[in-house]
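[1] following is a predicted model, sequence given first.
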Amino acid sequence: MEAKLTKEEVLAKEVEALRKKRSKRIRKLRLKGWTWQQIGDKLKISRQRACEIFNRYYKGEDDKQDRLTIRAKNYRRLSDKLQELARKKGCMICDNHKGNFVWHHRNLRKKGEPTLSSLLYSGDIKKIKKELKKCDPFCWNHHIKLHQILINEKLMTYLREHYL
Ligand SMILES: [Zn+2]
């Protein structure tokens, strides 16, 4: 007698094939530098679920080296984007739209608050957008001058308090 698959077995095979396909897709995105959150958003599942599906076939492959590659890729991709955005806005002082820019935090950073560059490594777009609202673009030159003035002001405050 020929062994025939039951309806349930056929269905289980199809599900398995779909899972495998999905985990392959997730792996591709991971290697491109996407975060679990970004993958989850794209596939309309939670980031935990995306991680579970990945681990079903590729457990252990997402090792430290992969994570470092992903962080470096996130950083490069997002810092290029921020440079592009800064060039579009132009320097706050000279309205220059060319060259290298620095996003300067308007107020003093609170203790424990992440820096913009640490956020670039994380690839967390929501947090980066929130942080950018507190920053202005300056051309390289004016950013240096800005810091010189800030240091001078600190010095003046110190002198006023202790000597003047
Ligand atoms: Zn400038």
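    Done, it's in. Since the structure is predicted, the reported quantities are computational estimates derived from the model, not experimental observations.
[2] what lies in contact with stretch 19-35?
    By CB atoms under 8 Å, 6 or more residues apart in numbering, the surrounding residues in contact with stretch 19-35 are 38-39, 42-43, 47, 50, 53-54, 56-58, 61-62, 66, 69-70, 73-74, 77, 122-124. (Each C-beta comes from the backbone N, C-alpha and C, glycine too.)
[3] can you tell me which of those are buried?
    Buried residues within the contacts of stretch 19-35, counting neighbours by 16 or more other CB atoms under 10 Å: 38-39, 43, 50, 53-54, 62, 70, 73-74, 122-124.
[4] please narrow those to those residing in helices.
    Among the buried ones among the contacts of stretch 19-35, the members falling in helices are Gln38, Ile39, Leu43, Ala50, Ile53, Phe54, Ile70, Lys73, Asn74, Ser122 (criterion: DSSP state H).
[5] report the lowest-confidence entry in the residues you listed.
    pLDDT across those is lowest for Ile70, at 78.
[6] and that one, what does it touch?
    Ile70 makes contacts with Arg30, Leu31, Gly33, Trp34, Thr35, Gly123, as judged by CB under 8 Å, 6+ apart.
[7] repeat that for 6 Å
    By CB atoms under 6 Å, 6 or more residues apart in numbering, Ile70 lies in contact with Gly33.
[8] distance of it from the ion?
    34 Å (CB to the ion, to the nearest Å).
[9] check Tyr121 too.
    Per CB to the ion, Tyr121 is found 27 Å from the ion.
[10] local confidence estimate at Glu61?
    At Glu61, the predicted lDDT confidence score is 68.
[11] which residue packs closest to the residue nearest the centre of the chain, ignoring adjacent ones?
    By CA atoms, centre = their mean, the chain has its centre lying nearest to Gly123, at 1.3 Å. Nearest residue to Gly123 in three dimensions, chain neighbours excluded: Asn74, at 3.7 Å (CB to CB, 6 or more residues apart in numbering).
[12] pretty sure the one you found is touching Ser122, no?
    No - contact criterion CB atoms under 6 Å: Asn74 and Ser122 do not qualify, at 7.1 Å.
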